[in-house]
Each structure stands twice: as structure tokens, then as C-alpha cells.
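Asks: okay, here's the prediction I keep looking at, along with the sequence it came from:
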Amino acid sequence: MSQLSAKEGRGTFNTGARGLVSLGEHADVGPAIAELKSDIVVTVEGIRALTPDYAHLYAVTANTLPFALQDWHLTWCAHFLNCNPEIHEQLQFHVLRNRSGECVAIVPLVRTQRRIGPLKLATVDLLGVDPGLTEIRTPLIRPGYERPAVRAVHASLAKVRDWDWMQWNGISGALAEAMAREITPQWHAVSRDYVLDLPATWQELRAGLKRNVRESVRHCYNSLRRDHHAFEFVVARTREEVRRALDRFLVLHALRANMAWGPKHPNFFATRPLQEFLYDVCDRLAARDVVRVFQLRIGGEIVAARIAFVVGDSVYLYYSGFDPAWAQYSVMTTTMVEVFKHAIANGLKTVNLSLNAERSKVRWRPRLIEFQSALVHREYLGSRLLYRAYRAATSGSGRSAQLLKSFLPHRRWD
């Protein structure tokens, strides 16, 4: 056995060869959570060993988010964990099992420590703190275990004093209710996700749209036909096809971001590290037949593209791009309609249009899912003071805030 030891008496855990820190059953914190046994995974090798537990939780939770997949977590760690020498990060994946040994939750946490002069600031977050790549961060918890899972995680954290606050993300439904009952969270940001339930046919979906949207769809197809442009809907799916499609996607994504008119969209893959992550995560997931790159080809050239992930019975639409030279034909709308047709033909039940209430999403009449975020302080005066200073630095714009920001180590993505 090796030891993972926190200094100054802040907690010592026995660490197994696979990076598991066993905390045992929580009989010392009350019978209500004695049913769960907690292990904390602190290494990438430990995450790899959880493959059967991930597979089990995908099934019992009906997960449809690519960001909760084991391969997404492993790729993120490979590219971004401890990428800044001034910021130390430690994996703390909470793996919870019931008395029969069944895995009922994986809560993928990362403890991040920064130094601000003589002070240390330590926070705990769900894995995926990045510039928009991991759009929805959420734990995998078997339905019915939300309350004991929340209790077990915070009981484990209570044994380790080297943290100041924890931020939960991706909280909705039963998990939000469990948190409100079990702890005292400070609710703050709300993310809005838009999910389109698919009927049996495209004709049914089209009939439920507003008249102006139906006319817009008709115009897309007619305008191409009128100007004698035949299009082809191309789906990249194999690893080789996906790699080639990503090359063109990055060009189209940058072209869309640099448009001088229309809605502004940042280039999320402007730097080499972010591009490398995209290629790597898509390569891993394509090997499991999860990735689709939906493309519209006209005259032998790809003029629009959208990355997507098929998880369970849903397809999650990720980032997109198109050539502004074809904007007059609304090629992205045509691509979206072809995606809907493709999803219906392949028996999928939903299309996740991703976050943010853009007109290009809400016009399809999706249902709204709200994911909340919450902060939970350690009950310690120093933690509360550090939190206030941190919030002043990161959210303020005055001179005091600018001064504080200059002392804060920041993650680098370039």
C-alpha cells in the first residue's frame, strides 16, 4: 500500500495500486448513508479501471450526454489536468457502491489548488473546467440514490480539510431536490439545454413547426434548386472519416467566427491545445461509434458541418461551422433538417440542440432542461473570506478587482 497524505494533519488515506482511496462505509456519520461505501479514485489508471462501472451507470441512468462518458473524462485528463505549473490539480472521483457492491454513482471531482502570495486557495469542481468544450458537467447517479450520494460526497469531503468550497454543476430534477434537502447550497448560474423529442417521421415534425419556420425550410431547398445547386448530405462516422471531416470543420468553424455580420460566435478551437483535444476525444469516441460529423457537400466541396455524438437513443449536437459564401442559401438550416431526418431514420428518440437560447434552436420547439450550479462552503471563516475575495477578483471590473486578478494563477489554453 502507498500513502496519499495531506500535510499538517489534513487527512491520510490508504491508496491501492489502482489509485483507489477507500473510505469504507459511512457508519460514523449516521445510519442514513451507511448503505453506501465510498472509494475515491485519485489516478488516471484508477479511472480506466472503472470501465464496467461506467457501463453499468450508462444503462441505469439512461445517460445521453457525451461529457459524462469515461472516454471524455480520460481525454480531458490527458490534455488539461495540471497543464499549468502554477495550478495543482488532484483527481477525486467519488465512486459509491451499495451493500451488494453495485456501483450507484460516479461523481468526477477535481481538487484545484492555487497560491495567492502566502495564501492557498483550494476548490473542488466537477471535471471539465475548460473554455466551453465540456458544455454540461454532471455526475452519473442511479435514480433513487441522489440524496445518499450527496450526503456521501460531503461526508467524504468533511474528512479532508484542505479545501475551501465545492461547486456542483449539471444539477437538475431529483439531484437538485436532494441537494436542497441535504446541504445548504448557494445557487447561482443556470444553464439552459434544449432537447427536441422526435416523432416517427419528418412530416410529423414539420407539421408541428410554425408557419414561418416551415417556409424557411422550404426556401432553403428551393433556393439551391433554383440556382441549380445539388447538395449531398454526408455523415462521417469511422475514425478515418472523422479525422478528415474535422480538418474541414475547423476551417468552417473559423470562417463562421470571423463573419463580419450576423450573430457573433467565438472560435472555440482557435488554439493548438484545444484542436488537439478535439481530434483526440473524437478519435476515441469514433472507435466506439459515438461520433458523427454531419456535412453538406455542394459542387464537391463541404460548405457546412456539425459535430455530433450519439449516446444512447439521443444525438447531441456539438459545435458547427459553415462557409459564409453560402449563407444566402441558409446551408446550416438545410444541414439541421437533414440531421433530423437522419436521426429519425436511425431510430433515435431525441436531438439535444445543446445550450443557449439561440433562435436557430428554439424555433424547432424543443423542451427546456435547466441545469443549475451551486457552491457549498466549508464551514470555516478563512474559506468564506477567500471565497469573497475570489469572487471580487473574477467578477468585478474595478481597480481592486484588476489588482486581485493579477495575483491569481489562471489556466492557459493557448
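Replies: In hand now; what should we look at? Numbers count the residues shown, from 1 in each chain.

Asks: could you export stretch 47-61 as PDB, CA atoms only?
Replies: Written as PDB, here are the backbone C-alpha positions of stretch 47-61 (Å, rounded to 0.1, in the frame of the first residue of the first chain):
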ATOM      1  CA  ILE A  47     -10.400   5.900 -13.900                       C
ATOM      2  CA  ARG A  48      -9.500   3.400 -16.600                       C
ATOM      3  CA  ALA A  49     -10.300   0.500 -14.200                       C
ATOM      4  CA  LEU A  50     -13.800   1.800 -13.800                       C
ATOM      5  CA  THR A  51     -15.000   0.700 -17.300                       C
ATOM      6  CA  PRO A  52     -17.600  -1.800 -16.000                       C
ATOM      7  CA  ASP A  53     -19.000   0.700 -13.500                       C
ATOM      8  CA  TYR A  54     -19.300   3.400 -16.200                       C
ATOM      9  CA  ALA A  55     -21.100   0.900 -18.500                       C
ATOM     10  CA  HIS A  56     -23.500  -0.100 -15.700                       C
ATOM     11  CA  LEU A  57     -24.300   3.600 -14.900                       C
ATOM     12  CA  TYR A  58     -24.900   4.500 -18.500                       C
ATOM     13  CA  ALA A  59     -27.600   1.800 -18.600                       C
ATOM     14  CA  VAL A  60     -29.300   2.600 -15.300                       C
ATOM     15  CA  THR A  61     -29.200   6.400 -15.700                       C
END
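
Asks: tell me where the model's unsure across this protein.
Replies: Scanning the chain for pLDDT under 70 picks out 1-34, 380-382, 389-410.

Asks: and the longest helix along it, what's buried?
Replies: In terms of residue count, the longest helix belonging to the chain (DSSP state H) is helix 239-257. Using 16 or more other CB atoms under 10 Å as the test for burial, helix 239-257 gives E241, V242, A245, L246, R248, F249, L250, L252, H253, L255, R256. The C-beta positions use only the backbone N, C-alpha and C, and glycine is treated the same way.

Asks: out of everything not next to it in sequence, what's closest to the fifth one?
Replies: On the basis of CB to CB, 6 or more residues apart in numbering, the spatially nearest residue to R248 that is not a chain neighbour turns out to be I302, at 4.8 Å.

Asks: for that neighbour, helix, strand, or coil?
Replies: strand (DSSP: H, G, I helix; E, B strand; the rest coil).

Asks: what's near enough to touch it?
Replies: Taking CB atoms under 8 Å, 6 or more residues apart in numbering, we find I302 in contact with V234, A245, R248, L252, Q295, L296.

Asks: in this structure the first one contacts R297, no?
Replies: In other words, V234. Yes. Using CB atoms under 8 Å, V234 is in contact with R297, at 5.3 Å.

Asks: circling back to that earlier point, helices and strands around the longest helix of the chain, which ones?
Replies: strand 231-236, helix 272-286, strand 291-298, strand 301-311, strand 314-322 (3 or more CB pairs under 8 Å, 6 or more residues apart in numbering; DSSP states H and E).

Asks: nothing else from me, thank you.
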